[in-house]
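In: Show me the folded form of this:
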Amino acid sequence: MDKENESLTTHYSQQETIVALATPNGIGAIAVIRLSGHDAIAIANSVWKGKDLTKQESHTIHFGHIVDNELVLDEVLASLFIAPKSYTRENVVEISCHASGYIIESIIKLFIKKGARSAKPGEFTLRAFLNGQLDLSQAEAVADLIASNSKASQQVALQQLRGGFSSQLQVLREQLVNFASLIELELDFAEEDVEFANRDQLKQLIIDITRIIGRLIQSFELGNAIKQGVNTVIAGRPNAGKSTLLNALLNEERAIVSHIPGTTRDTIEEILNIQGVNFRLIDTAGIREATDAIEQIGVQRTMEKISQSALLIYVFDADQISPAELRNDIESLQAPGIAMLLVANKIDLLNQEEKTARISGFFQNSGLSDTQTVFVSAKEKLHIDDLKNRIYSTAIKGKLSGDETLVTNIRHLEALQKTEEALVRVLGGIDGSITSDFLSMDIKQALHYLGEITGVVTTDDLLDNIFSKFCIGK
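Out: Prediction:
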């Protein structure tokens, strides 16, 4: 097998010491080189000029030099973490050196020469998992935390890293294990026809667990939106002011604005952060009968983006559109699972009397609700902050709390769905009075899928798939 493509888990041995750069590549002030393994401190000490690192206490930092024979490579700081009080629960040394590419490469090559080997992607966190420092869902949260690009995604990942999700699953699994053991006991006394597991209590437990798992499954929509950003499409008729609105929300001239209808032919995507949540704003071509092939493609893409969105911001010209036209537009674009926010633009073109009459007419004749409608002037940037608040409340408010468990990982979602299916079979078996051996099989299936999430049940392929996506050094 090509060494470059070998399985990550087949490389793992607690006796091996691994080394990698733990900070990003590139020119900077400081770089951190991490060693982990049984001989990490001894290897570092073998090229160290300073205090004897093998005689120092854990969680201490020491100044010294890295030397290759008599050649000084750099003056550095060495941070010591003695097993099991480290990230990997192994001996760990972190060398803080100057971030010269030459110095970094020289020090890593020296450590490899002294007995370490290059770490694979995610191998430090894999060791933390295999040594019991983290469960699998917490290990995945490490990658999510590194990749987080908003306050909300950072908080969700941190909550999972702290074990909130794992603790909830562990309680459910322990309750199932207790009943599974009683049913297994029944199988040992099958000839005597005894019942150790009360079927009414088991049924209630399954109902309770299924309800919790159902809530976790439903949380994926919000959790994934927070992790990836909320897909938010800005749509409307040509010349309604969609591109002007995008520019106003971003506070920069991102989209080309023209009085000519149909200026936007393709989609434009930008990120807007509102109260710690990223919204993926997508400005689209105006919805109308296309006048040429290119515009037709643009309108088709608009409809595709709308169907893929979590939030649709429908912009209309408050000075031009009639209530009947507006009602038809709303009815044609409404779809299950897509929240809609209506933006009445160009209110700067109306005087106060006209504005009052238009607003009243819209609410009476188009079916608009004041809870889903915001009146703005994108050109003059009137009420843009109100619109941002309404965007956030429509997509997020009331759904996100600091201690709420949200599922953000598709692997976890699929395992929960399979767990739910197995539990539904258990309920059906109880109602159908099936024998203990069949009940036991379905409960074991549910336990298996729950165990896959936290890593109680694993395979080398699963671990390779997860940790190979990590950066090297983590």
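In: Would you map the helices across the stretch 251-400 of the chain?
Out: 293-307, 323-333, 352-365, 384-395 (DSSP state H, counting those that start in this stretch).
In: most tightly surrounded among the ones you listed?
Out: Mean neighbour counts were taken over the helices of the stretch 251-400 of the chain using mean count of other Cβ atoms under 10 Å, and the top value, a mean of 18, falls to helix 384-395. Just so you know, the C-beta spots here come from the backbone N, C-alpha and C atoms, and that holds for glycine as well.
In: What helices and strands are in contact with that one?
Out: Under the contact criterion of 3 or more Cβ pairs under 8 Å, 6 or more residues apart in numbering; DSSP states H and E, helix 384-395 touches strand 230-236, helix 242-250, strand 268-274, strand 277-283, strand 311-317, strand 339-345, strand 373-375.
In: okay, that helix in PDB with CA atoms only?
Out: Only the C-alpha atoms of helix 384-395 are listed here, as PDB (Å, rounded to 0.1, in the frame of the first residue of the first chain):
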ATOM      1  CA  ILE A 384     -32.500  49.100   6.900                       C
ATOM      2  CA  ASP A 385     -31.700  48.400  10.500                       C
ATOM      3  CA  ASP A 386     -35.400  47.500  11.100                       C
ATOM      4  CA  LEU A 387     -35.100  45.100   8.100                       C
ATOM      5  CA  LYS A 388     -32.000  43.400   9.500                       C
ATOM      6  CA  ASN A 389     -33.800  42.900  12.800                       C
ATOM      7  CA  ARG A 390     -36.800  41.400  11.000                       C
ATOM      8  CA  ILE A 391     -34.500  39.100   8.900                       C
ATOM      9  CA  TYR A 392     -33.000  37.800  12.100                       C
ATOM     10  CA  SER A 393     -36.300  37.300  14.000                       C
ATOM     11  CA  THR A 394     -38.000  35.600  11.000                       C
ATOM     12  CA  ALA A 395     -35.200  33.100  10.600                       C
END
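In: Strand 339-345 and that helix, what's the angle between them?
Out: Interaxial angle, helix 384-395 versus strand 339-345 (axes from the mean of the first three to the mean of the last three Cα atoms, to 10 degrees): 160 degrees.
In: ok, residues contacting helix 384-395?
Out: Contact with helix 384-395 is made by 225, 230, 232, 248-249, 272, 274-275, 277, 279, 310-311, 313, 339, 341, 343, 372, 374, 376, 378, as judged by Cβ atoms under 8 Å, 6 or more residues apart in numbering.
In: how does it look with 10 Å?
Out: 222, 225-226, 230-232, 245, 248-249, 251, 272-277, 279, 281, 310-313, 339-343, 371-378, 383, 397, 400 (Cβ atoms under 10 Å, 6 or more residues apart in numbering).
In: among these, which ones are buried?
Out: Among those, those classed as buried by 16 or more other Cβ atoms under 10 Å are 222, 225-226, 230-232, 245, 248-249, 272, 274, 277, 279, 281, 310-313, 340-343, 373-378, 383, 400.
In: circling back to that earlier point, would you turn the helices of the stretch 251-400 of the chain into CSV with distance to Phe165 and mean pLDDT?
Out: Below are those laid out as CSV (distance: least, Cβ to Cβ, whole Å; pLDDT from 0 to 100):
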stretch, distance to Phe165, mean pLDDT
helix 293-307, 31, 70
helix 323-333, 36, 83
helix 352-365, 44, 70
helix 384-395, 22, 91
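In: Turn those into CSV, columns for distance to Leu136.
Out: Below are the helices of the stretch 251-400 of the chain laid out as CSV (distance: least, Cβ to Cβ, whole Å):
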stretch, distance to Leu136
helix 293-307, 34
helix 323-333, 41
helix 352-365, 52
helix 384-395, 30
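In: so where's the stretch 201-350 of the chain shaky on pLDDT?
Out: 254-267, 287-299 (pLDDT under 70).
In: swap in the stretch 351-474 of the chain?
Out: In the stretch 351-474 of the chain, residues with pLDDT under 70: 361-371, 397-403.
In: circling back: of the helices of the stretch 251-400 of the chain, which is nearest Glu75?
Out: Nearest to Glu75, of all the helices of the stretch 251-400 of the chain, is helix 384-395, at 49.6 Å by Cβ to Cβ.
In: Now do the buried residues in the helix or strand following that closest one.
Out: Proceeding N to C from helix 384-395, the next assigned helix or strand is helix 410-431, under DSSP states H and E. By neighbour count on 16+ other Cβ under 10 Å, the buried set for helix 410-431 is 411-413, 415-416, 418-420, 422-423, 425-426, 429-430.
In: Now flag whichever of those is closest to Ser167.
Out: Nearest to Ser167 among those is His412, at 14.4 Å by Cβ to Cβ.
In: wait, what's in contact with the closest one?
Out: 136-137, 140, 160, 165, 169, 216-217, 220, 223, 452-454.
In: Can you turn the buried part of the residues you listed into a ChimeraX selection?
Out: Buried residues within these, by 16+ other Cβ under 10 Å, are selected in ChimeraX with:
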select :136,137,140,160,165,169,216,217,220,223,452,453,454
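In: In TSV, list the contacts of His412 along with secondary structure.
Out: As requested, the contacts of His412 are exported to TSV (DSSP: H, G, I helix; E, B strand; the rest coil):
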residue	secondary structure
Leu136	helix
Ser137	helix
Glu140	helix
Gln160	helix
Phe165	helix
Leu169	helix
Leu216	helix
Ile217	helix
Phe220	helix
Gly223	helix
Glu452	helix
Ile453	helix
Thr454	helix
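In: Domain ranges for this structure, per the record?
Out: Taking automatic domain parsing as the reference, the chain has its domains at 3-133, 142-223+409-455, 235-395.
In: Mind checking the ones you listed for the one nearest to Leu463?
Out: Once the domains of the chain are compared by Cβ to Cβ, domain 3-133 is nearest, at 5.3 Å.
In: for that closest one, what is the average pLDDT?
Out: Averaging pLDDT along domain 3-133 gives 90.
In: Now do the same for Arg34: helix, strand or coil?
Out: Going by three-state DSSP: Arg34 is strand.
In: hang on, isn't it packed against Ala22?
Out: Yes - counting by Cβ atoms under 10 Å, Ala22 is a contact partner of Arg34 at 4.3 Å.
In: Who are the contact partners of Lys227?
Out: Contacts for Lys227 (Cβ under 10 Å, 6+ apart) come out as 144, 147-150, 152-153, 156-157, 220, 278, 406-409.
In: Out of these, flag the one nearest to Asp329.
Out: Nearest member of the contacts of Lys227 to Asp329, counting by Cβ to Cβ, is Asn278, at 27.7 Å.
In: hey, what's that closest one bridged with?
Out: Asn273 (DSSP bridges).
In: That one and Ala152, how far apart?
Out: According to Cβ to Cβ, to the nearest Å, Asn278 and Ala152 sit 8 Å apart.
In: likewise Ala285?
Out: 30 Å.
In: Show me what the longest strand seen in the chain pairs with in its sheet, parallel or antiparallel.
Out: Secondary structure assigned by DSSP state E gives strand 71-81 as the longest strand of the chain. Using DSSP bridges, strand 71-81 pairs in its sheet with strand 60-68 (antiparallel), strand 92-98 (antiparallel).
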